[in-house]
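Enquirer: Here's my sequence, what's the structure:
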Amino acid sequence: MHTLAVCLDSLPTFNEPYVVRCEFGKPIWEQPRPHDLVIIDESEQVLAHLQSETIAKRFGKERCFDALMYEISGAKAVIALDADLGLVTTHAMRTMRPQDWASHCSIIYNAPIIPVQKRTMRLFSSKKRLEHEVIEAVRRGERCFIVSNSKKCVDILHTMILKECGEGVVLRVITSDNSRDQRTVQFLTNIKTEILTVQVVIGSPSIGTGIDITFPDGECMVDRVFGFFYPFVNTHTDIDQQLCRVRNPGSVDVWISHHVFNFTSNVEVVKDDLARAYTVKRAVTGRRPDGMVEYRRDDPLLTICAHVTALQRASKNRLVELFCKLRQANGWSIEHVRETATASPYEAAKKELATERAAMLLGAQTIPDVDFIELDERKQKGASLSPEECIVHEKNDFQRTVGVPLDAELIDLNRDGRLIGRIEELAEIVRFWAINRGHDHFGDMLPTPTEPRQRLQKREPHYLLATLMRAAGLTAAQGFTRDVVISMGDLEHFVRLCRENQTMIEETFGGELRVDFQDKPMKQLNLFLRRIGLKLTGAGTQKIDGRKIRYYRLPDDLTARMLQLARSYLQVKAKREAAQDAA
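Expert: Numbers count the residues shown, from 1 in each chain. Predicted coordinates:
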């Protein structure tokens with residue numbers, strides 16, 4: 001019997017046709033036959049993974065979908081498992097196995113056992129108040145399991161606890177920085193015994209879905225479970241899974257950001273927007289004279305992507321509400337804690353961590369290439385690096401990537417750790433301007449009277465951002481128009497482009513447009529400019545017909561600095577590529 005356990009990313013490697021031999025100069029192809037039984041664990045997550053960046057970078061969503069379709073459609077039986085089984089799996093199975101849908105499809109619902117006495121979860125409206133709860137629990141010596149969907153939050157909570165409760169607290173922190181470290185892997189493998197050797201475990205989503213912290217006879221060995229969750233990171237079901245790692249905790253206290261979003265979540269509307277944004281390129285059949293895209297509405301991959309996107313958006317729109325309903329359906333009651341706190345030990349820890357990090361970066365040594373290559377290889381392979389080695393790697397990686405010394409100004413610009421990404425995105429725009437010198441490529445993308453509903457094809461974020469800046473009048477064919485000042489009245493094309501391409505823009509940038517972007521386009525434009533390290537500043541006011549007009553512009557010093565960093569980055573990249581070609 002041939003069996004295979006594989007993640008979706010790697011499936012094409014195992015079931016695509018391959019050349020076994022050549023006969024008379026012609027290749028002879030073979031393809032492994034589909035497996036008789038296909039079991040998809042966490043099916044909702046597997047199918048949602050078709051939209052992930054990792055698949056896009058490796059084989060692409062179409063190729064991975066085809067490999068999955070081959071196995072599922074050709075199998076004698078398919079079993080899809082998920083604690084939150086829903087419409088994503090339903091539509092996928094109906095699409096890929098229509099022969100089963102009429103009479104051979106069974107849905108087995110294992111209803112959760114509702115305890116006679118409901119458990120109570122406390123939902124805090126104040127994050128600061130919950131931070132105090134954490135400190136008080138640790139000081140009392142209680143065993144705590146703390147989770148967050150933010151790695152930065154995890155790191156700050158770690159510093160906060162040590163600062164407030166003393167260095168003697170036995171902690172285990174698990175994030176993407178150390179999740180592949182052998183000690184961490186061993187800790188997670190034996191979590192039921194290892195957790196009893198520490199007082200506090202703090203973890204990000206790097207603590208995988210297979211972790212189950214259950215003790216014999218359902219004994220309560222973890223006193224407190226705390227959760228800190230930010231918006232637009234994951235869904236309410238993901239949050240529930242993170243909190244449910246500990247099966248029988250003493251108590252559960254949670255803070256979830258109360259931001260409410262308004263993403264479009266109608267499946268047909270989402271499908272239309274995704275198709276017109278070329279999310280599934282092969283579903284597109286052409287473009288009409290008015291600029292609208294024609295596509296196949298029944299394309300199976302497009303259908304799955306639309307349901308994945310719609311469900312994720314619906315969850316993120318009402319994160320707190322849906323999370324509470326899910327908890328209540330599983331036998332929990334919700335106690336809303338509205339008490340607030342004025343001071344925050346978290347903010348003090350955040351500042352201390354930032355100050356320490358800045359000092360360490362400035363003081364870190366610049367190491368020779370051979371030493372950096374060795375350190376970088378260790379990091380890429382998931383080896384555990386000391387905090388000092390992490391700082392040395394960060395400084396030397398920045399200097400080698402951007403080609404300038406890391407100074408205090410750059411450290412300040414990089415407070416959130418995203419400066420390299422901003423430089424890279426701006427560099428791609430600068431490179432595009434240089435390649436297309438003499439041609440207003442991005443200007444050609446703007447709506448015209450003959451194509452009033454022109455849709456933008458889904459492209460890389462830098463391409464979309466350059467088009468939006470051109471619509472706002474901040475750039476010309478050759479680059480930034482530094483002397484230009486703009487007002488709200490100048491952003492008609494910009495608002496129009498955002499309105500006609502809202503879903504695609506949100507999908508490309510991974511964030512929602514402001515609800516009031518049509519009324520306050522300047523604030524929306526500033527959010528876009530942050531992606532390349534820029535922002536608009538006031539450039540004076542003027543009264544016209546009794547109305548005060550506010551003007552804005554890009555500051556010369558910041559624009560010049562970011563352009564200098566982008567060009568330096570491109571020079572370093574060109575030299576590296578030339579050296580690779582020469583080798």
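Enquirer: Not counting its own residues, what contacts stretch 367-385?
Expert: 177-184, 389, 392-393, 396-397, 400 (C-beta atoms under 8 Å, 6 or more residues apart in numbering). Heads up, the C-betas are built off the backbone N, CA and C, glycines and all.
Enquirer: Give me the pLDDT value at A56.
Expert: Note for A56: predicted pLDDT of 75.
Enquirer: and if you look at A466?
Expert: pLDDT, read off for A466, is 91.
Enquirer: For it, list the residues it contacts.
Expert: Here A466 is in contact with I429, F432, F442, T475 (C-beta under 8 Å, 6+ apart).
Enquirer: make it 10 Å
Expert: A466 makes contact with 425-426, 428-430, 432-433, 441-442, 445, 459-460, 475, 532, according to C-beta atoms under 10 Å, 6 or more residues apart in numbering.
Enquirer: what ranges do the helices span in the stretch 401-550 of the chain?
Expert: Counting by DSSP state H, counting those that start in this stretch, one finds helices in the stretch 401-550 of the chain at the ranges 408-413, 419-435, 461-472, 492-500, 502-509, 521-529.
Enquirer: Check the contacts of stretch 367-385 and tell me the two furthest apart.
Expert: Within the contacts of stretch 367-385, R183 and R400 form the most distant pair, 29.1 Å apart (C-beta to C-beta).
Enquirer: Neighbour count for these two, which is higher?
Expert: Of the pair R183 and R400, R400 is the one with more neighbours under other C-beta atoms under 10 Å, namely 15 against 11.
Enquirer: Kindly state the pLDDT recorded for that one?
Expert: 93.
Enquirer: Surely it and E394 touch.
Expert: No: the pair R400 / E394 is not scored as a contact, 11.1 Å apart, by C-beta atoms under 10 Å.
Enquirer: Okay, T193 and S384: tell me how far apart.
Expert: From T193 across to S384, the span is 21 Å (C-beta to C-beta, to the nearest Å).
Enquirer: Of those two, give the one with the bigger neighbour count.
Expert: S384 (15 against 9).
Enquirer: any low-confidence regions in the stretch 51-200 of the chain?
Expert: 112-117 (pLDDT under 70).
Enquirer: how many neighbours does the residue lying closest to Q51 once chain neighbours are set aside have?
Expert: Distances taken as C-beta to C-beta, 6 or more residues apart in numbering place V308 nearest to Q51, at 5.5 Å, with adjacent residues excluded. Neighbour count of V308, defined by other C-beta under 10 Å: 23.
Enquirer: right, and the secondary structure at V308 would be what?
Expert: At V308 the chain is in helix, as set by DSSP: H, G, I helix; E, B strand; the rest coil.
Enquirer: Longest helix in this protein, by number of residues?
Expert: Assignment by DSSP state H gives helix 556-582 as the longest helix of the chain.
Enquirer: Show me what it is packed against.
Expert: Judged by 3 or more C-beta pairs under 10 Å, 6 or more residues apart in numbering; DSSP states H and E, the packing partners of helix 556-582 are helix 387-402, helix 408-413, helix 419-435, strand 479-480.
Enquirer: ok, 6 Å please
Expert: Judged by 3 or more C-beta pairs under 6 Å, 6 or more residues apart in numbering; DSSP states H and E, the packing partners of helix 556-582 are helix 387-402, helix 419-435.
Enquirer: for these, which one sits closest to G540?
Expert: helix 419-435 (26.5 Å).
Enquirer: how about that closest one as PDB, C-alpha atoms only?
Expert: This file holds the C-alpha atoms of helix 419-435, laid out as PDB (Å, rounded to 0.1, in the frame of the first residue of the first chain):
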ATOM      1  CA  LEU A 419      12.000  49.900   6.900                       C
ATOM      2  CA  ILE A 420      13.800  47.500   4.500                       C
ATOM      3  CA  GLY A 421      10.400  46.500   3.100                       C
ATOM      4  CA  ARG A 422       9.500  50.100   2.600                       C
ATOM      5  CA  ILE A 423      12.800  50.700   0.900                       C
ATOM      6  CA  GLU A 424      12.400  47.600  -1.300                       C
ATOM      7  CA  GLU A 425       8.900  48.700  -2.400                       C
ATOM      8  CA  LEU A 426      10.000  52.300  -3.200                       C
ATOM      9  CA  ALA A 427      13.100  50.900  -5.000                       C
ATOM     10  CA  GLU A 428      10.900  48.800  -7.400                       C
ATOM     11  CA  ILE A 429       8.900  52.000  -8.200                       C
ATOM     12  CA  VAL A 430      12.200  53.900  -8.900                       C
ATOM     13  CA  ARG A 431      13.400  51.100 -11.100                       C
ATOM     14  CA  PHE A 432      10.200  51.100 -13.100                       C
ATOM     15  CA  TRP A 433      10.500  54.800 -13.600                       C
ATOM     16  CA  ALA A 434      14.000  54.300 -14.900                       C
ATOM     17  CA  ILE A 435      13.100  51.500 -17.300                       C
END
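Enquirer: buried stuff in it?
Expert: Of the residues in helix 419-435, 419-420, 422-431, 433 count as buried by neighbour count, 16 or more other C-beta atoms under 10 Å.
Enquirer: can you redo those residues as CSV with distance to K127 and pLDDT?
Expert: As requested, the buried residues of helix 419-435 are exported to CSV (distance: C-beta to C-beta, whole Å; pLDDT from 0 to 100):
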residue, distance to K127, pLDDT
L419, 26, 92
I420, 29, 93
R422, 27, 94
I423, 32, 95
E424, 32, 95
E425, 30, 95
L426, 33, 96
A427, 36, 95
E428, 36, 93
I429, 36, 93
V430, 39, 93
R431, 41, 91
W433, 43, 88
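Enquirer: which one of those is nearest E507?
Expert: Using C-beta to C-beta, the buried residues of helix 419-435 come closest to E507 at E425, 16.6 Å.
Enquirer: what residue of this structure is the furthest out?
Expert: F24 (50.3 Å; C-alpha atoms, centre = their mean).
Enquirer: now it: how far from I55?
Expert: Using C-beta to C-beta, one obtains 38 Å as the distance from F24 to I55.
Enquirer: quick one, which of the helices of the stretch 401-550 of the chain is nearest to V515?
Expert: So among the helices of the stretch 401-550 of the chain, helix 521-529 is nearest, using C-beta to C-beta, at 10.1 Å.
Enquirer: Now do the closest one: which elements does it pack against?
Expert: helix 461-472.
Enquirer: Low-confidence stretches in the stretch 451-583 of the chain?
Expert: 451-455, 457, 583.
Enquirer: How about the most centrally placed residue in the chain: what's its closest non-neighbour residue?
Expert: Among the residues of the chain, the one closest to the centroid is V233, at 6.2 Å (C-alpha atoms, centre = their mean). Nearest non-adjacent residue to V233, counting by C-beta to C-beta, 6+ apart: N149, 4.3 Å away.
Enquirer: Buried residues, stretch 403-421. List them.
Expert: In stretch 403-421, counting by 16+ other C-beta under 10 Å, buried: G403, L406, L410, I411, L413, N414, L419, I420.
Enquirer: do stretch 75-93 as well
Expert: So, applying 16+ other C-beta under 10 Å, buried residues of stretch 75-93: A75, V78, A80, D82, D84, L85, V88, T89, T90, H91, A92, M93.
Enquirer: Please apply the same query to stretch 528-542.
Expert: F528, L529, R531, I532, G533, L534, L536.
Enquirer: Between the two ends of that stretch, how far is it?
Expert: Start to finish, the residues bounding stretch 528-542 are 26 Å apart (C-alpha to C-alpha, to the nearest Å).
Enquirer: Show me what it is in contact with.
Expert: Contacts to stretch 528-542, defined as C-beta atoms under 6 Å, 6 or more residues apart in numbering, come from residues 422, 425-426, 465, 468, 485, 526, 548-555, 562.
Enquirer: Stretch 130-143: which residues count as buried?
Expert: Those would be L130, E131, H132, E133, V134, I135, A137, V138, E142, R143, for stretch 130-143 by 16+ other C-beta under 10 Å.
Enquirer: quick one: the fourth one and V337, what's the gap?
Expert: Using C-beta to C-beta, one gets 9 Å for the distance from E133 to V337.
Enquirer: Repeat that for the last one.
Expert: The span separating R143 from V337 equals 21 Å under the rule C-beta to C-beta.
Enquirer: Distance-wise, check Q51 relative to L311.
Expert: 11 Å.
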